[in-house]
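Q: structure for this input, please:
(2 chains)
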Amino acid sequence: KQEVTQIPAALSVPEGENLVLNCSFTDSAIYNLQWFRQDPGKGLTSLLLIQSSQREQTSGRLNASLDKSSGRSTLYIAASQPGDSATYLCAVLGAGSYQLTFGKGTKLSVIP
Amino acid sequence: GAVVSQHPSWVICKSGTSVKIECRSLDFQATTMFWYRQFPKQSLMLMATSNEGSKATYEQGVEKDKFLINHASLTLSTLTVTSAHPEDSSFYICSAHRPRQSNTEAFFGQGTRLTVV
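A: You can find the predicted model right below:
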């Protein structure tokens, strides 16, 4: 059974800092990995999708990497802003499945 | 813009009544949609997989008679919470997967906050 772990559970940084969020998964047989953002009381917004054959994806100040063999992914946020404050969720899509397995998320607070 | 739309965003109902939540894929057809439940400060818990034209597949521990799912078209799935009780109060989110290149990307609705009083 796939298990996804996110570290840290919470993170507080001053505005302008670069930061890294970590995600690990136990079963490397995945189709893809997605990073989502969730604001309080809201749904999930897809940030980046990395296919199993890819090693990284970039969108603006966000960069996500994937090391499938070691079961790890990182989300790098450059020059953090208060508007980046949210919970970030990592989810993997298992090979041969349409079901996503989520981590518990990292709650990020960017202090002005 | 939104790829998956969920309605309503919040609802308050009396104990014993039923509530219907809609999930629509806006610019693609989704033969499969997913319904999740999220408790405070917890991650998403998959409740059921909604299959267009056939019965939904429920996760272990989810009462299919309580959480009725209908997926009558390729763009619409509904979740009906029947005879709601206060313990059903939660945040419900739907998702659909849109094909992207040779892979698939999951998109989520805005979520529905259900409060049963």
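
Q: the closest residue in space to B:Ala96 that isn't next to it in sequence: what's it in contact with?
A: Sequence neighbours aside, B:Ala30 is the residue nearest to B:Ala96 in space, at 3.8 Å (criterion: Cβ to Cβ, 6 or more residues apart in numbering or on different chains). Bear in mind the C-beta positions are built from the backbone N, C-alpha and C, glycine included. Each residue near B:Ala30 by Cβ atoms under 8 Å, 6 or more residues apart in numbering or on different chains is listed here: B:52, B:74-75, B:77, B:96-98.

Q: any idea which of the residues you listed the model trusts least?
A: Within the contacts of B:Ala30, B:Arg98 has the lowest pLDDT, namely 81.

Q: so which elements touch the lengthiest strand in chain B?
A: In chain B, taking DSSP state E as the definition, the longest strand is strand B:90-100. Judged by 3 or more Cβ pairs under 8 Å, 6 or more residues apart in numbering or on different chains; DSSP states H and E, the packing partners of strand B:90-100 are strand A:44-51, strand B:4-7, strand B:19-25, strand B:32-38, strand B:76-81, strand B:103-108, strand B:112-116.

Q: for stretch B:71-91, buried residues please.
A: B:71, B:75-79, B:81, B:84, B:88-91 (16 or more other Cβ atoms under 10 Å in any protein chain shown).

Q: revised request: answer the last question for stretch A:32-49.
A: So for stretch A:32-49, counting by 16+ other Cβ under 10 Å, buried means A:32-38, A:42-49.

Q: most widely separated two among the residues you listed?
A: Greatest spacing in these, by Cβ to Cβ: A:Asn32 and A:Lys42 (22.9 Å).

Q: so A:Gly83 sits in a helix?
A: Yes: using DSSP: H, G, I helix; E, B strand; the rest coil, the assignment for A:Gly83 is a helix.

Q: what does chain B put close to chain A?
A: B:6, B:32, B:34, B:42-44, B:46, B:49, B:91, B:93, B:95, B:97, B:100-111, B:113 (Cβ under 8 Å from any Cβ of the partner chain).

Q: only the buried subset of these, as a ChimeraX command please.
A: Buried residues within those, by 16+ other Cβ under 10 Å, are selected in ChimeraX with:
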select /B:6,32,34,43,44,46,49,91,93,95,97,103,104,105,106,107,108,109,110,111,113
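
Q: dump the residue contacts of A:Ala10.
A: Counted by Cβ under 8 Å, 6+ apart, A:Ala10 has contacts A:106-109.

Q: about what we covered before: tabulate the helices and strands packed on strand B:90-100 (TSV), appending distance to A:Val92.
A: Converted to TSV, the helices and strands packed on strand B:90-100 look like this (distance: least, Cβ to Cβ, whole Å):
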stretch	distance to A:Val92
strand A:44-51	10
strand B:4-7	20
strand B:19-25	22
strand B:32-38	14
strand B:76-81	23
strand B:103-108	11
strand B:112-116	25
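
Q: among these, which gets the worst mean confidence?
A: Among the helices and strands packed on strand B:90-100, strand B:103-108 scores lowest, at a mean of 84.

Q: distance between the ends of stretch B:59-73?
A: 22 Å (Cα to Cα, to the nearest Å).

Q: distance check, B:Gly16 against chain A.
A: Distance from B:Gly16 to chain A, counting by Cβ to the nearest Cβ, to the nearest Å: 26 Å.

Q: tell me the secondary structure at that residue.
A: coil.
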